[in-house]
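Colleague: sequence-free structure coming up:
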């Protein structure tokens, strides 16, 4: 669920900004009402609240002694509040986390052993997400949602250019086997109808761009690195992308922007993660590599744009998609350990996750519930099988490790300079890698 998606003291104003919704009992307090135990559940996406309320309603019907109260803390504040609330003892009993944030709390003993809490007898979960939240031989989170990567495309633009979106591939420097670059040239057009490479092409007045080459970790540069045969992290967790294969991947993307002029300027995409999505829904971007986390926005905003989904662009090593997932973790300091364990177990069941799928929130972590998400979009005329195929194929994991957030924060400004052309690719990647690894010390 993206986008990728997605870091001091917190003032009272931030606390007020956290929207608290009761899933079952509006008057429920910490100790519950009518002798009930109240378990609190925190997440960052308000779009998922309705589904969780429906899920917890069924849970309480089966467990009448337990109420579940849902707290929504917006993404912009979520990761600032998390360490403060964990250390102060004010954190929810169960809460969402992502792969780059759970490890430090697992290592410090602040979250429950989810495998022990749920037990071995549970519904089948999406394996790449299970692997993401397995650390030192233990499972620390119950898979809730997952995202893989596919290619959104403008059917009208692609059809007019004669581009086969299912066979798109890239090769270093646009060499043998590359079809993406030629397709992007055909799809990119300026206000006068000229394409890159044609006499008089005016990049400053581009009407339609071909592809979203940008510093989007989850959707773009992680898959490109993996497809080039480059490692993003070493087995020990150190950043390792400054390699010849890494230069091939990042260099190709940078060239699409500054040399071939078939992608939006880095000046726009470096400052706004959603810039290319906005161009796509406006009919100004033909090929948009992204995840299911953008499905609803595109479906609601792409008025007059006939669009579809295809597999992500392949590379020298084939297709490798990032698979990221959100997990629910249990607060090890909860005053209601038994009730919290029951909620965690419920969140790992097909029945517990069906509302997430049926309401089109995201692919659920429970494999047997995923068909409901596919059916939701099928009813709207959208075939999401490309995402399913990507998750079943070869995958690459997003950043992991107890200090990986500090590392990515340290290297990102340097990598953005690489994408903008302010730093050469080889030197910039080495500088970014060194800064990232230093940031994790």
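Modeller: On my side now, so go ahead. As the structure is a prediction and not an experimental result, all values here were calculated from the model.
Colleague: how does this protein divide up, domain by domain?
Modeller: The chain breaks down into these domains under automatic domain parsing: 12-148+324-385, 150-322+403-439.
Colleague: Generate JSON lines for these, with distance to residue 392 and mean pLDDT as supplementary columns.
Modeller: All C-beta atoms are positioned from the backbone trio N, CA, C, and that covers glycine. Formatted as JSON lines, the domains of the chain follow (distance: least, Cβ to Cβ, whole Å; pLDDT from 0 to 100):
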{"stretch": "domain 12-148+324-385", "distance to residue 392": "9", "mean pLDDT": "90"}
{"stretch": "domain 150-322+403-439", "distance to residue 392": "10", "mean pLDDT": "98"}
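Colleague: mind checking which of those domains is nearest residue 391?
Modeller: Within the domains of the chain, the stretch nearest residue 391 is domain 12-148+324-385; the backing value is 4.2 Å (Cβ to Cβ).
Colleague: roughly how far out does the closest one sit from the chain middle?
Modeller: Relative to the mean C-alpha coordinate of its chain, domain 12-148+324-385 is positioned 16 Å out (Cα atoms, centre = their mean, to the nearest Å).
Colleague: And the domains of the chain: which comes nearest residue 394?
Modeller: domain 150-322+403-439 (4.9 Å).
Colleague: Contacts for the host helix or strand of residue 410 next, please.
Modeller: Per DSSP states H and E, residue 410 falls inside helix 404-420. With contact meaning Cβ atoms under 8 Å, 6 or more residues apart in numbering, helix 404-420 is reached by 7, 79, 100-101, 103, 214-215, 217, 233, 237, 239, 250, 253-254, 257, 266-267, 269-270, 399, 401, 423-425, 428-429, 431-433, 435-440.
Colleague: can I get the domains of the chain in CSV with distance to residue 395 and mean neighbour count?
Modeller: As requested, the domains of the chain are exported to CSV (distance: least, Cβ to Cβ, whole Å; neighbours: other Cβ atoms under 10 Å):
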stretch, distance to residue 395, mean neighbour count
domain 12-148+324-385, 5, 19
domain 150-322+403-439, 6, 19
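Colleague: show me the contacts for residue 187.
Modeller: Taking Cβ under 8 Å, 6+ apart, we find residue 187 in contact with 157-158, 161, 163, 208-211, 262, 286-287.
Colleague: same thing but at 6 Å, please
Modeller: Contact analysis of residue 187 by Cβ atoms under 6 Å, 6 or more residues apart in numbering lists 157, 161, 210, 286.
Colleague: For the stretch 101-250 of the chain, which segments count as helices?
Modeller: Along the stretch 101-250 of the chain, the segments classed as helices by DSSP state H, counting those that start in this stretch run 102-107, 114-118, 127-132, 155-161, 180-187, 222-228, 244-258.
Colleague: circling back to that earlier point, how far is the helix holding residue 410 from where the chain is centred?
Modeller: 17 Å.
Colleague: mind checking how far the spatially closest residue to residue 145 that is not a sequence neighbour is from residue 325?
Modeller: In space, and not counting its chain neighbours, residue 145 is closest to residue 362: 4.0 Å by Cβ to Cβ, 6 or more residues apart in numbering. Here residue 362 is placed at a distance of 9 Å from residue 325 (Cβ to Cβ, to the nearest Å).
Colleague: same deal with residue 130?
Modeller: For residue 130 relative to residue 325 (Cβ to Cβ), the value is 9 Å.
Colleague: before we move on, what about residue 61?
Modeller: For residue 61, the distance to residue 325 - Cβ to Cβ - is 28 Å.
Colleague: do the same with residue 270
Modeller: Taken as Cβ to Cβ, the span from residue 270 to residue 325 is 27 Å.
Colleague: For residue 287, which non-adjacent residue is spatially closest?
Modeller: Residue nearest to residue 287 in three dimensions, not counting chain neighbours: residue 211, with 4.5 Å by Cβ to Cβ, 6+ apart.
Colleague: quick one: the one you found and residue 377, what's the gap?
Modeller: For residue 211, the distance to residue 377 equals 24 Å [Cβ to Cβ].
Colleague: Residue 271 now?
Modeller: 31 Å.
Colleague: try residue 77
Modeller: In terms of Cβ to Cβ, residue 77 sits 30 Å off from residue 377.
Colleague: And residue 354, by the same measure?
Modeller: Residue 354 is 15 Å from residue 377, by Cβ to Cβ.
Colleague: what's the answer for residue 122, then?
Modeller: As judged by Cβ to Cβ, residue 122 and residue 377 stand 26 Å apart.
Colleague: likewise residue 295?
Modeller: Taken as Cβ to Cβ, the span from residue 295 to residue 377 is 7 Å.
Colleague: again with residue 258
Modeller: Separation of residue 258 from residue 377 (Cβ to Cβ): 36 Å.
Colleague: Ok, residue 384 next?
Modeller: 5 Å.
Colleague: what's the answer for residue 422, then?
Modeller: On the measure of Cβ to Cβ, residue 422 and residue 377 end up 40 Å apart.
Colleague: what does residue 296 give?
Modeller: Distance of residue 296 to residue 377, computed by Cβ to Cβ: 10 Å.
Colleague: Ok, residue 282 next?
Modeller: Separation of residue 282 from residue 377 (Cβ to Cβ) stands at 22 Å.
Colleague: and residue 95, backbone torsions?
Modeller: The phi/psi pair for residue 95 (degrees, to the nearest 10) reads phi -150, psi 160.
Colleague: start the count at 61, not 1, going forward
Modeller: Okay, residue one is now 61; in that scheme the one you just asked about reads as residue 155.
Colleague: What residues are bridge-paired with it?
Modeller: residue 102, residue 389 (DSSP bridges).
Colleague: That one contacts residue 102, correct?
Modeller: Yes. Counting by Cβ atoms under 6 Å, residue 155 touches residue 102, with 3.9 Å between them.
Colleague: Tell me the bridge partners for residue 210.
Modeller: residue 350, residue 371.
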